[in-house]
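Enquirer: turn this into a structure:
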Amino acid sequence: MDRRVQKTRSSIQQAYLALLMEKKSMKMTITELARKANIDRKTFYLHYDTTDDVLRDYNKQLIARLLELLEKQDFFNQNFNTVSLYAAMNQIISENMEFFRHIASMDYYDSFWEQSKEALTTGICNMYRKKVLVSEDVMKLYSRFVLSGTLEVYREWLKGNLPFSMEELGRLTSEVSFRGFSPALKSGKDLEEF
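Expert: Predicted coordinates:
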């Protein structure tokens, strides 16, 4: 992508994120976004059609960053290492905590979480395509199952509804993803002792 295009898109995204944090309402106008980005409306429309497109583009960048972190950890050359997955997720969330807390708290942004799940499912399936013994459909099912629960748990945590540290959340979510309820059920202990 051309440097000027990237610079303008970055400016629009930063303005979007700033307005998202400033505004109490969920919607923003293209005019106020363009003004905040120090561009005109015409320039905005050269890059995006709607303000929601800006969020979608930002989400793609977050997913690309997560997949990049996983690639650096050699995640895709191992069995599905949930510890690495949650460590990378925790890093992305930590780097963007205010943003994630804000969008976790509003139902308006449900599509963000759905897009994240679909993009991660596609990314994981593409990376593992030639390395797994199951069909692509089965791999998608496994990925969607794990990611649906994971994203919901993280969203609840971001809302302040779960009393764990981020590290504990990652560890517990990894354990549940990999081993299910078995560790908690086999000894009769409840999940808090897990």
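
Enquirer: residue 103 - how many residues pack around it?
Expert: The burial count assigned to residue 103 is 20, neighbours taken as other CB atoms under 10 Å. The C-beta positions use only the backbone N, C-alpha and C, and glycine is treated the same way.

Enquirer: residue contacts, it?
Expert: 20, 109, 112 (CB atoms under 8 Å, 6 or more residues apart in numbering).

Enquirer: find the nearest non-adjacent residue to the first one, please.
Expert: It refers to residue 20. Of all residues not flanking residue 20 in the chain, residue 102 sits nearest, at 6.3 Å (CB to CB, 6 or more residues apart in numbering).

Enquirer: grab the most central residue of the protein for me.
Expert: Residue closest to the mean C-alpha point of the chain, counted by CA atoms, centre = their mean, is residue 116 at 5.0 Å.

Enquirer: spatially nearest residue to residue 63 (excluding sequence neighbours)?
Expert: Per CB to CB, 6+ apart, closest to residue 63 is residue 119, 4.4 Å.

Enquirer: which element is the one you found on?
Expert: Following DSSP states H and E, one finds residue 119 within helix 110-128.

Enquirer: give me the helices and strands touching that helix, please.
Expert: Applying 3 or more CB pairs under 8 Å, 6 or more residues apart in numbering; DSSP states H and E, one finds that helix 110-128 contacts helix 51-72, helix 136-158.

Enquirer: that helix relative to helix 136-158, how many degrees between them?
Expert: 140 degrees (axes from the mean of the first three to the mean of the last three CA atoms, to 10 degrees).

Enquirer: quick one: buried residues of helix 110-128?
Expert: Buried residues in helix 110-128, defined by neighbour count with 16 or more other CB atoms under 10 Å: 112-113, 115-117, 119-121, 123-125, 128.

Enquirer: and residue 135, how far from residue 129?
Expert: 11 Å (CB to CB, to the nearest Å).
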